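Peer 1: what's the 3D shape of this:
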Amino acid sequence: MATHVKVIAVLFLVCGAMLAALAFFLPAVLGLIAAIVRADGDRDAALASNVLGLTGAGLSIFFGVLALPFVATGWGMLKLKSWSRIAGIVLGALLLIQILVGTAIGIYALVILFRKDAEVLFTA
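Peer 2: As a prediction, the model looks like this:
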């Protein structure tokens, strides 16, 4: 059971790292697109460029904030902190809405974390 919990912890850390990378690189990509759009010189292009910039900043904050619980829960699960099991269950349930990979990780996390021996592992 400890191996399954460590696998879930690593998967949560990977999800958090991917979200953090998305938060870091998305503004750069949207900023590049905004610069290309602004090069047109049209008034509407300037407005579109500003909207792209604000969208990049907003999405960066959103994905950065979303990465924090995954990283914290993954770390807590590696250290077998009691709070991390409940957080893992919540994040596993949230992952169910992501088609394919997220659903598979969510089902795996929920099946393992709801088992009695996993509960005992986190209370010891």
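
Peer 1: residues in contact with Ala39?
Peer 2: With CB atoms under 8 Å, 6 or more residues apart in numbering as the criterion, the residues that contact Ala39 are Ala45. C-betas here are computed from N, CA, C, even on glycine.

Peer 1: I'd like the distance between Ala39 and Ser49.
Peer 2: From Ala39 over to Ser49 the distance is 9 Å, taken as CB to CB, to the nearest Å.

Peer 1: now do Leu11
Peer 2: When Leu11 is compared with Ser49 (using CB to CB), they lie 38 Å apart.

Peer 1: And Trp75, by the same measure?
Peer 2: Using CB to CB, Trp75 is found at 39 Å from Ser49.

Peer 1: Those two: which is more packed in?
Peer 2: Neighbour totals were compared for Trp75 and Ser49, and Ser49 leads with 21 against 15 (other CB atoms under 10 Å).

Peer 1: Correct me if wrong: the more buried one contacts Gly31.
Peer 2: No - counting by CB atoms under 8 Å, Gly31 is not a contact partner of Ser49; they are 9.3 Å apart.

Peer 1: Share the number of residues neighbouring the residue lying closest to Phe62 once chain neighbours are set aside, please.
Peer 2: If the residues on either side of it in the chain are set aside, Phe62 comes closest to Ala23, at 7.7 Å by CB to CB, 6 or more residues apart in numbering. Residue neighbour count, defined by other CB under 10 Å, stands at 18 for Ala23.

Peer 1: Spit out the contact partners of Ala23.
Peer 2: Residues in contact with Ala23 (CB under 8 Å, 6+ apart) are 59-64, 67.

Peer 1: Likewise for Gly56?
Peer 2: Shown in contact with Gly56 (CB under 8 Å, 6+ apart): 26-31, 34.
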